[in-house]
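K.L.:
using only what follows, build the 3D model:
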Amino acid sequence: MQALQAGWDFFQNEVLGMKWLSRLIGSAVEACGLDPTGKVGGSVQFFFYDVIKIMVLLGVLILIISYIQSYFPPERTKKILGRFHGMFANCLAALLGTVTPFCSCSSIPLFIGFTSAGLPLGVTFSFLISSPMVDLGSLVLLMSIFGWKVAVVYVVLGLVIAVVGGTLIEKLHLEEQVEEFIRNGRTIDVPQEELHFKDRMQYAWEQVVSVAKKVAPYVLIGVGIGAFIHNWIPEEFIVKVLGTGNPFGVIIATIAGVPMYADIFGTIPIAEALLAKGAQLGVVLSFMMGVTTLSLPSMVMLRKAVKPKLLGIFAAICTVGIIIVGYFFNAIQYLLI
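P.N.:
This next block holds a predicted model:
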């Protein structure tokens, strides 16, 4: 049993967490005459370590996920989802959202395509909620920083929000709140070519390059903010605003995430720095969920597809769900980390 625990700890810390890279960069910072424990040296170490770690893990994950995704093109996904009804269809849509390594703005065109194809509105919204919030890439990256317990609970609760949110929207019968050009749209089934291993690998590599180009600016900005928080903002301030001393920390964090636009890979370094400075776990995870699901740019894009009433109900359901999940994480934080 001890050998298994030691093996898992090594995998967690040295493979996923890449602690060896942190030590290597720390030595390089010292060689440059900077103190890794100081503000400037610590910021440099944090920045280069997190950027390299996230981009390396991201590349590997997108390659694997995109290879899996090559078996589920939009046309096939529509057919699969169209065979099921009720909450099971919502669950399946939420699960399919986990193999789409996209931000919410990239998921919206798929949402429009699914809705035009005649899939139930609640099913398509379950997909729309889960796709940016809980993809498989986020599971591994969260595991590398917060540990497997936090990562698994985060993904499970994200899927619960997606299923419950989609089911509520379905029960409210809001089909008339979808813009007419989508409701009256028609999709044409295009025969899919049978892809071979080489074709799938080429597609996966193209996705790696494409996603890396889109994500890199947000990772750089996110890690830069994280480095600033980690090394320059006093711990007492973070604890006071986002720690146990503020019962409204989850609400503040959720609302603060709305004006921002980033995917989960850009928010993780900020969450990592906030948690290290004393912010509660539920607060930082609510912030991540708020940014990835409710960002203002994605709301603007979604408004082109749905009417204000449905948009408001969608935002309200997600906001309430995220806040509930945030307080739940705060309550069980002692069990997870």
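K.L.:
what are the buried residues along the lengthiest helix in the chain?
P.N.:
When the chain is parsed with DSSP state H, its longest helix is helix 197-232. Within helix 197-232, the residues that count as buried by 16 or more other Cβ atoms under 10 Å are 200, 203-204, 207-208, 211, 215-216, 218-220, 222-231. Bear in mind the C-beta positions are built from the backbone N, C-alpha and C, glycine included.
K.L.:
moving C-terminal of that helix, what's the next helix or strand?
P.N.:
Next helix or strand after helix 197-232 toward the C-terminus (DSSP states H and E): helix 235-242.
K.L.:
contacts for that following helix, please.
P.N.:
The contact list for helix 235-242, computed with Cβ atoms under 8 Å, 6 or more residues apart in numbering, reads 229, 245-246, 249, 252-253, 274, 277-280, 283-284.
K.L.:
can you rerun that using 7 Å?
P.N.:
The contact list for helix 235-242 (Cβ atoms under 7 Å, 6 or more residues apart in numbering) reads 245-246, 249, 253, 274, 277-280, 283.
K.L.:
pLDDT averaged over it - what is it?
P.N.:
Averaging pLDDT along helix 235-242 yields 84.
K.L.:
give me the angle between the following helix or strand past that helix and helix 235-242.
P.N.:
Downstream of helix 235-242, the first helix or strand assigned by DSSP H and E is helix 249-257. Interaxial angle of helix 249-257 relative to helix 235-242 (axes from the mean of the first three to the mean of the last three Cα atoms, to 10 degrees): 90 degrees.
K.L.:
ok now helix 249-257, how far from the chain's centre?
P.N.:
Relative to the centre of its chain, helix 249-257 is centred 16 Å away, using Cα atoms, centre = their mean, to the nearest Å.
K.L.:
other residues contacting it?
P.N.:
Outside helix 249-257, the residues that touch it by Cβ under 7 Å, 6+ apart are 242, 280, 282-283, 286-287, 290-291, 294, 319, 322-323, 326-327, 330.
K.L.:
likewise for stretch 43-57?
P.N.:
Here stretch 43-57 has contacts from 18, 21-22, 25-26, 29, 34, 36, 140-141, 144, 212, 219-220, 223-224, 226-227, 230-231, 265, 269, using Cβ under 7 Å, 6+ apart.
K.L.:
by contact count, what packs against the longest helix of the chain?
P.N.:
helix 39-69, helix 264-276 (3 or more Cβ pairs under 7 Å, 6 or more residues apart in numbering; DSSP states H and E).
K.L.:
got the angle between it and helix 264-276?
P.N.:
Taking the same axes, to 10 degrees, one finds helix 197-232 and helix 264-276 inclined to each other by 30 degrees.
K.L.:
how distant is helix 197-232 from the center of its chain?
P.N.:
Relative to the centre of its chain, helix 197-232 is centred 13 Å away, using Cα atoms, centre = their mean.
K.L.:
what mean pLDDT does it have?
P.N.:
87.
K.L.:
what's the angle between it and helix 39-69?
P.N.:
Using the same axes, to 10 degrees: helix 197-232 against helix 39-69 is 160 degrees.
K.L.:
for ChimeraX, what selects the buried ones among the contacts of helix 235-242?
P.N.:
Buried members of the contacts of helix 235-242, defined by 16+ other Cβ under 10 Å, are picked up in ChimeraX with:
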select :246,249,253,274,277,278,279,280,283
